[in-house]
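Participant: Whatever this is, show me its structure:
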Amino acid sequence: MTAVVFIHGTGVREPGFSKLAGRVAAGLTALRDGLRIVPYYWGGTHGATLSAGGASLPPAPAATARGLSEAPAAPYAPYAPDDTTAAWAALYADPYAELALAAATAEPAAERPPGSVPPHQELRARLTALAAEGDAPAAELGPGLARAATDLAGHPLLAPAAESLDADDLAVIAARSLTARIVADALDADTPLVPTGDTRDTVTDRLAEALGAPPRGTERGLRSLLLRAANSAASHAVVRRRRALTEAAHPAAGDILRYLARGEQVRADLRTLVAGLEPPVALVCHSLGGIIALDTLVAAPLPEVRLLVTAGSQGPFLYESGSLPSLEPPAPLPAHVPAWLNLYDPRDLLSYLGAGLFPDRVTDVAVDSRQPFPAAHSAYWTNPAVYRHIVDRLP
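Facilitator: Predicted coordinates:
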């Protein structure tokens, strides 16, 4: 009888672990009879906790505690700085998001009198002139203004968005789009220097005036389709989740940091568990569980284990970056480490590949949950393809 030891990932605690382990057991035994499923719940004993009850966590900013109903009602009323954070995050993800929202709400364009100029034409001319100035008008943000202005001048959303906005609003939204594009490009390039929000807003105001908006003042606040939707309620939701993220759920903190600093006992407990099982044994692991299993197998032979399965694993990345406790590059994977099946979701930003690091020792297999990140990192155990791949390779 094959024993399958299931090792959970970061942030898992009871009662969630029992539910997860039950789902894994059901998924595997539905495809193969006679399996013995052995859960290894390390989170209760070795998982991270905040020993002082969260004394290290800063208090929630006052601005994020306001509810949606308290957002300013007047179209041009300025928003508090913290209220804009979620909106700028959305713009960094898609600098043309406001234009898309404006275009989606536009009425069909009416027939224009002969000789009239479409409302977006003046802005297009101003964008072209701005591009001709190079990157200097937004130098504080870094390079990219000329390219961003040229791209925006020719963007297909510009004309339909102009149908639902007055000229001032269109100029302000265009300026935010330019700023967001420059910052987003810098983030994509992993720049170590990102401007503060104050600098960002100053440059945005300058660009808005260059595009025809009146000077910033009481007559022009932060009117924005995105800022109306993504105000303090969104920021408050993030702040409320900070304790959970800090304690365990975020893979860059909590459990994984504790493991890297003090992982000896969790590995020793796993060795003891496996040594008491009749072979063959397979280790089926998620996220940090895969790091724990890999470290344990590398450190010394566990002859009972015939298969290592990792899903959403950061083990290959830790090895390549020199952070895996048991093995430092360019050392090869020891011969006593068993066959390794590494399941990854292309949308899971916390899953990494091993075959390129350990040729002929790791089999990388893509599984697609059709979920965005971070949901993709937790969707392996509801994906039938995951169980099929595992059962096909069980000893």
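
Participant: what sits against residue 311?
Facilitator: Contacts for residue 311 (CB atoms under 8 Å, 6 or more residues apart in numbering) come out as 284, 285, 286, 287, 290, 343, 344, 351, 367, 380, 381, 386. Any C-beta I mention is one placed from the backbone N, CA and C, and that applies to glycine too.

Participant: mind checking how far stretch 351-359 is from the chain centre?
Facilitator: 21 Å (CA atoms, centre = their mean, to the nearest Å).

Participant: Show me the contact partners of that stretch.
Facilitator: Applying CB under 8 Å, 6+ apart, the contact partners of stretch 351-359 are 310-317, 319-320, 329, 332-333, 340, 342-345, 361-364, 377.

Participant: Got a quick ChimeraX command for the buried subset of the residues you listed?
Facilitator: Those of these that count as buried under 16 or more other CB atoms under 10 Å are selected in ChimeraX with:
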select :310,311,312,313,314,315,316,317,319,320,333,340,342,343,344,345,361,362,364,377
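
Participant: Please flag which of the contacts of stretch 351-359 sit within helices.
Facilitator: Here DSSP state H is the test, and the contacts of stretch 351-359 give 315, 316, 317, 319, 320 as lying in helices.

Participant: nearest to residue 158, of the residues you listed?
Facilitator: residue 317 (40.7 Å; CB to CB).

Participant: And the residue nearest to the closest one when sequence neighbours are not counted, how close does it get to residue 208?
Facilitator: Once flanking residues are discounted, residue 317 sits nearest to residue 352: 4.3 Å by CB to CB, 6 or more residues apart in numbering. Going from residue 352 to residue 208 by CB to CB, to the nearest Å gives 42 Å.

Participant: Residue 163 reaches residue 119, doesn't it?
Facilitator: Yes: using CB atoms under 8 Å, residue 163 makes contact with residue 119 at a distance of 7.0 Å.

Participant: Does anything pack onto the helix ranked longest in the chain? Which helices or strands?
Facilitator: Assignment by DSSP H gives helix 167-188 as the longest helix of the chain. Helices and strands touching helix 167-188, by 3 or more CB pairs under 8 Å, 6 or more residues apart in numbering; DSSP states H and E, are helix 85-93, helix 97-104, helix 119-132, helix 145-153, helix 158-162, helix 197-210.

Participant: Please report the distance of the residue nearest to residue 14 when sequence neighbours are not counted from residue 270.
Facilitator: Nearest non-adjacent residue to residue 14, counting by CB to CB, 6+ apart: residue 44, 6.4 Å away. Distance, residue 44 to residue 270, by CB to CB: 14 Å.

Participant: So if I had to pick from the two, which one is more boxed in?
Facilitator: Applying other CB atoms under 10 Å to residue 44 and residue 270 shows that residue 270 carries more neighbours, namely 22 against 10.

Participant: which residues does the more buried one contact?
Facilitator: Counting by CB under 8 Å, 6+ apart, residue 270 touches 5, 7, 40, 42, 292, 293, 296.

Participant: pLDDT below threshold where in the stretch 201-350 of the chain?
Facilitator: 217-253 (pLDDT under 70).

Participant: List phi and psi for the nearest residue in space to residue 361 that is not next to it in sequence.
Facilitator: Once flanking residues are discounted, residue 361 sits nearest to residue 333: 4.9 Å by CB to CB, 6+ apart. Main-chain dihedrals, residue 333, degrees, to the nearest 10: phi -70, psi 130.

Participant: same check, this time on residue 39
Facilitator: Dihedral angles (degrees, to the nearest 10) for residue 39: phi -80, psi 140.

Participant: With residue 32 instead?
Facilitator: phi -150, psi 130.

Participant: isn't it right next to residue 395, touching?
Facilitator: No: look at residue 32 against residue 395 with CB under 8 Å: they stay out of range, at 11.2 Å.

Participant: quick one, strands of the chain?
Facilitator: Counting by DSSP state E, the chain has strands at residues 3-7, 36-40, 281-286, 305-311, 339-344, 362-366.

Participant: just so I know, which of these lies nearest residue 141?
Facilitator: Closest approach to residue 141 among the strands of the chain is made by strand 339-344 (34.9 Å; CB to CB).

Participant: Just the CA atoms from the closest one would do, formatted as CSV, please.
Facilitator: What follows is strand 339-344 as a C-alpha-only set of coordinates in CSV (Å, rounded to 0.1, in the frame of the first residue of the first chain):
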residue,chain,number,x,y,z
ALA,A,339,11.8,11.3,-8.7
TRP,A,340,10.4,14.9,-8.5
LEU,A,341,7.1,15.9,-10.1
ASN,A,342,6.8,19.7,-10.0
LEU,A,343,3.3,21.1,-10.8
TYR,A,344,3.0,24.7,-11.6
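
Participant: what inclination does that strand have with respect to strand 281-286?
Facilitator: Counting by axes from the mean of the first three to the mean of the last three CA atoms, to 10 degrees, strand 339-344 lies at 20 degrees to strand 281-286.
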